[in-house]
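J.: Please work out how this folds:
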Amino acid sequence: MRLTRRRATSAYRAGEVLRLKSGGRPMTAIWNGPVLFAPGNWLICQWFSDAGELQQEMFPEETLERASHALAA
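T.: Below is the predicted model of the structure:
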């Protein structure tokens with residue numbers, strides 16, 4: 001018997017500009033999907049710091065929202 005992991009439907013897609021619900025800079029989602037270490041969908045996002053350095057981090061989907069009127073990183 002072969003077990004397959006079913007991908008949950010995500011509210012966001014790669015390329016969308018998002019922001020943490022708690023605030024912060026606009027970020028561009030570059031990947032979304034499940035991870036082995038935690039349930040739910042996760043997104044890898046990139047943004048530029050105040051110093052102009054490219055930053056990247058992984059966030060659980062439920063901590064993000066669409067950024068309105070923001071330029072992509």
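
J.: switch to C-alpha atoms for all contacts and neighbour counts from now on
T.: Fine.

J.: Who are the contact partners of the most centrally placed residue in the chain?
T.: In the chain, the residue lying closest to the centroid (CA atoms, centre = their mean) is L43, at 2.9 Å. By CA atoms under 8 Å, 6 or more residues apart in numbering, the residues touching L43 are A29, I30, W31, N32, G33, M58, F59, P60, E61.

J.: Tell me how many other residues surround the third one.
T.: Taking other CA atoms under 10 Å as the criterion, the count of residues near W31 is 15.

J.: Go ahead and report the secondary structure state at it.
T.: Assigned state for W31: strand (three-state reduction, DSSP: H, G, I helix; E, B strand; the rest coil).

J.: what pairs with it across the strands?
T.: I44 (DSSP bridges).

J.: Who wins on neighbours among the contacts of L43?
T.: A29 (25 neighbours).

J.: Contact partners for that one?
T.: R13, A14, G15, E16, V17, L18, L43, I44, C45, Q46.

J.: Select only the buried ones of these in PyMOL?
T.: Buried residues among the contacts of A29 (16 or more other CA atoms under 10 Å), as a PyMOL selection:
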select buried, resi 16+17+18+43+44+45+46
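
J.: Leaving aside the residues adjacent along the chain, what's closest to the residue nearest to the centre of the chain?
T.: Nearest non-adjacent residue to L43, counting by CA to CA, 6 or more residues apart in numbering: N32, 4.3 Å away.
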